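Participant: could you work out the structure for the sequence below:
(3 chains)
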Amino acid sequence: MSDATLLPAIATAAGLAAALGALLGVAAARLRPDPQSLVERIDALLPQTQCAQCRYPGCRPYAEAIARGDADIDCCPPGGDATVRALAELLGREPRPVDPRYGRTQARRVALIDEDRCIGCALCLPACPVDAIVGAPRLMHTVIAGHCTGCELCLPPCPVDCIALVAPADGSSTAPAAAEAA
Amino acid sequence: MNRPALRGGLRLESHKLRPLQRPVLSVPSPRTAVLALDQGSGADAAPVVGPGQAVRVGSLIAAQRGAAAGLHSPVSGTVRCIASRPTVRGIGPCIVIDSDGRDEREPTSVPLDWRSLSGDALLERLAAAGIAGLGGAAFPTAAKLGLARSAGVNLLLLNGAECEPWICCDDALMREHAADVVLGAQVMLSACGADRGAIAVEDDKPQAVAALAAALAAAADVRLSVISLPAVFPLGAEGPLVTAVTGREVPHDGLPPQVGVVCQNVGTAASVARLVRDGLPVVSRIVTVTGSGVRNPANVEVRLGTPVAELIAACGGTTGDDRRLIAGGSLTGRALDDDAAPVTKGLNCVLVATPGDLPPRGTEMPCIRCGDCAVVCPAGLLPQQLHRATQSDDVEGLSHFGLGACIECGCCDYVCPSAIALTARFRVARERLRLHEAERERATQAKSRYERHRRRLDEQAEAERRAFDEARRRARGDGSAGH
Amino acid sequence: MHARATAPPHVVAGFTVPRVMFQVLAALVPVAAMQVYLHGPGLLWLVATGSVTALACEALALWLRRRPSLDFLRDGSVLVTAALLALAVPPTLPWWLMAFGTAVAVLVAKHAYGGLGQNPFNPAMVGYAVLLVSFPLEMTRWPAAGAGWDAVTGATALDALRTGLRQSYTMEEILTGPAFGALGGAGGEWVNIAALAGGLYLLARRIVRWHIPLAMLAGLAIPAAVAHALDPGAHAGATFHLATGATMLGAFFIATDPVSAATSDRGRLVFGAGVGLTTWIIRSWGGFPDGVAFAVLLMNLAVPLIDRYTVPRIYGHPGA
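Facilitator: Numbering: from 1, shown residues only, chains lettered A, B, ... in the order given. This is a model prediction of the structure:
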């Protein structure tokens, strides 16, 4: 190619690249996805156990932290690797296994109060993030198994350690998150 | 008919000729009857007899529980035990009865004056007699008809299509007992409240159609008619059948009563007829014993609880050693390990297959995306995309491409040039999808409970704050001039 | 009784991948025969070179990927690739270029993406495109039709059309030139007829379905007819386009490669129409005389998008 055609060619290519790059930059700034809807979409992928193993007080705060950029996506043991993968796909990041520092992915379990040992102190009631424990002071407490997410937050407050975690009776412990732990 | 009756589907060689060359054979009552409590509808019936108890033909031995219909003794004799025995569905709990050979019937088994009974009373009698779907699912008929009644169906569709190769028990039934089918249809019409009934038969059964037409003429019931359909597999499946006859599709998350139709197998109708005419609950059925591996293939009338081995023996035994047993047809039947497995209400065929009948599949190769599977799928799915989704464990993809609509007919497997075991994969994947969706549902509910929990705490905090402000204001009001 | 259980369905039709592939090869025989008759035995030599290279590359790739070799080598898919490539290139192509093109087709376009069933692009067309771009001189040196087996080079019909139009000859003047026959290119029209015959055989045997061929031919013929009606001097008519170049071969053998084409029937109609239209555009205004290869590759790119919007309606779900 002669100089006469070389310079215009380089100029055109460079000009196109600059123009398109600028356009992309403007689009990224102006057409940013609504942060609220992003939080909704992240929250929809989380297992809603509300267990705080991710160090946030519930799934919604964790979703907000991810959207803000304060938290990473591999902190949710109940969600398992499947949730990390789904979050990675949503946010365009690399999928990886759940970070073991936040806990181990286990089969789904529900809390069961041993009625012989329960003293009716009602300390476990406020601890449950989904209000799955029914009872009143000095009356029997019981966990509604269908509402229990297995978050284990009721175990520490109990002064007589009468709460145990057992496999749910409806056979749902073979859920996908559990399948990965096995 | 200008529009094809069925999307996709296959025209298959029927293999139904030999058993139909002879009339229905009667197999003698078994010496030991084994009644499986799990009849394939999702629950086990609840036994009401114990070891040592004497029973007669028609005595209730297990009560209806959930989706499992009640069971009645097919023989007279003594209950030996309730124990685990091999069944069509694997090893499961069974009531074992030793027959005394006298074949005495329950004295309470008397003909039913069904015309004088109300719809609800009829349904009660059907339930008490253990009438269940003899087409394979063994679902309690009374429950199905009751549901149809409340939904206000206007068409009772009797399924005499029998589209799967090798199975011809319904054909034999319609040829020899067409009057029973018609009577059963009339009773069911009263029970479900529909104003018309149609018996759907595939066009490769001209003798059955003729027999039914004659029986209908004799009954002179204008509400009933026979509909002839093309012989395509799987036109006999409930969804495709409803669409072929009415033009309406059953919604993916619903049942036929939502489009005004209730389906029943012709065999079920015949068992209803037997109940009202003789007072006998379901204690026997017609089973096709066929395949190149049995000497004299035939349709047999046999008591429930008879081991499959006795059926084969009644048909001359096997023709050789290398024979496989399939309970059902060649496309949707279950492989049967043990010929001691007994006849149940849902068993319509015993296929004694030689290697020539069921040639082995080739080696599985990767999918070449030829699209033949999508062409034959009656549900309009894209099996190649579903296959890809199962390989990458893409549950969202499975849901998006509609795995829930798969009826596991096996048409896609049949045509696949890469010999991929699609149906088996989809069966596993459907379970996975079901668990995933249950998990999603649980998560959604937990989330709404959590939000309610947070709202409750916020309201509590708000109430406390207001009470505190109120108390402070009152305290100030006592001590100084308030504003 | 044996407990040699199988899962349902217990019986299959017995179609196999080799059966599909060998039927395709059989359908290519008329085209190959016609080309040999017109241009000499060079094609046979290319087919032989291509087949050997293809099998060798396939065996190498399978060994590197540690997959079982025998089933895949027996399936005949690489032989189809080699045959299509051999038919697409000029019969006077040096054998080492044929080998190079085949190697690219098998190793890069097929195995680098995952082997059988995983290639997003038509392997034969990728090989052709690489050869065309890298060795334009050898790849555009076609022997004159009817010159017997002496391999005298001349222009193809599409070449002549393009050059003629550029030199401002009228369509009538161009079409009576030595490169042209009654319908399309001299000799080339017979190759197309042979390819059509082979394609109809495949249709009758249900190896290919009618959607892609019909859509492609319509996508090519309709714009050509419209343009010819509007400006007969500058655009050749539909019959010319249908009878020239690799049209019929492309419609029935190349665009119908199931792995790289769209998934559903509706998607295939869109895909085929796109191939036809793009071929016409490249032939009319593009830089290469025949656009089938690049049209197919461009539409292969569009397949994921087409698939996304042409999922058929599922039973029991509301209409699309």
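Participant: nearest residue to the spatially most central residue of chain C in space, please, no chain neighbours.
Facilitator: Note on chain C: the residue nearest the mean C-alpha position is C:Ile254, at 2.7 Å, using Cα atoms, centre = their mean. Nearest residue to C:Ile254, sequence neighbours excluded (Cβ to Cβ, 6 or more residues apart in numbering or on different chains): C:Val296, at 5.7 Å. C-beta here means a position set from N, CA and C on the backbone, and glycine is covered the same way.
Participant: and what of A:Ile73?
Facilitator: A:Leu87 (4.1 Å).
Participant: so chain B: which segments form each domain?
Facilitator: As given by automatic domain parsing, the domain ranges for chain B are B:19-27+B:109-286, B:361-483.
Participant: give me the pLDDT for residue 175.
Facilitator: Picked chain A for this. pLDDT for A:Ala175: 45.
Participant: not what I meant, chain B
Facilitator: For B:Arg175, pLDDT reads 94.
Participant: and if you look at the one 3 residues further on?
Facilitator: B:Ala178 is assigned a pLDDT of 94 by the prediction.
Participant: what about it, how many neighbours?
Facilitator: B:Ala178 has 27 neighbours, counted by other Cβ atoms under 10 Å in any protein chain shown.
Participant: residues touching it, list them.
Facilitator: B:208, B:211-212, B:214-215 (Cβ atoms under 8 Å, 6 or more residues apart in numbering or on different chains).
Participant: which ones, among these, also lie beside chain A?
Facilitator: Among the contacts of B:Ala178, no residue sits close to chain A (Cβ under 8 Å from any Cβ of the partner chain).
Participant: still on that earlier bit, residues of the helix or strand in which the residue nearest to C:Ile254 is found that come out buried?
Facilitator: Assessed by DSSP states H and E, C:Val296 sits inside helix C:292-309. By neighbour count on 16 or more other Cβ atoms under 10 Å in any protein chain shown, the buried set for helix C:292-309 is C:292-300, C:303, C:306-307.
Participant: got it, and stretch C:127-138?
Facilitator: So for stretch C:127-138, counting by 16+ other Cβ under 10 Å, buried means C:127-132, C:135.
Participant: around chain B, pick out the residues from the stretch 201-320 of chain C.
Facilitator: For the stretch 201-320 of chain C, the contact set with chain B under Cβ under 8 Å from any Cβ comprises C:209, C:258-259, C:261, C:263-265, C:268, C:307, C:311-317.
Participant: for these, which one is nearest chain A?
Facilitator: Taking Cβ to the nearest Cβ as the measure, C:Asp307 is the one of those closest to chain A, at 18.5 Å.
Participant: now do the most centrally placed residue in chain A against A:Leu153, distance only.
Facilitator: In chain A, the residue lying closest to the centroid (Cα atoms, centre = their mean) is A:Leu46, at 3.7 Å. The gap separating A:Leu46 from A:Leu153 is 16 Å, by Cβ to Cβ, to the nearest Å.
Participant: likewise C:Gly42?
Facilitator: According to Cβ to Cβ, C:Gly42 and A:Leu153 sit 80 Å apart.
Participant: do B:Ser399 as well
Facilitator: In terms of Cβ to Cβ, B:Ser399 sits 32 Å off from A:Leu153.
Participant: more neighbours: the two, which one.
Facilitator: Shown here are B:Ser399 and A:Leu153; by other Cβ under 10 Å, A:Leu153 has more neighbours (21 against 15).
Participant: the residue nearest to the centre of chain C: what's it in contact with?
Facilitator: So C:Ile254 contacts C:84, C:88, C:122, C:124-125, C:246, C:292-293, C:296 (Cβ under 8 Å, 6+ apart).
Participant: of all those, which two lie farthest apart?
Facilitator: C:Asn122 and C:Ala246 (12.4 Å; Cβ to Cβ).
Participant: just to revisit the earlier point, the residue nearest to A:Ile73 and A:Leu45 touch, don't they?
Facilitator: Yes: in terms of Cβ atoms under 8 Å, A:Leu87 counts as a neighbour of A:Leu45; the distance is 5.7 Å.
Participant: show me how far the longest helix along chain B is from its chain's centre.
Facilitator: Secondary structure of chain B per DSSP state H: the longest helix is helix B:422-479. Centroid separation between helix B:422-479 and its chain, computed with Cα atoms, centre = their mean, to the nearest Å, is 41 Å.
Participant: pLDDT averaged over it - what is it?
Facilitator: The predicted model assigns helix B:422-479 a mean pLDDT of 89.
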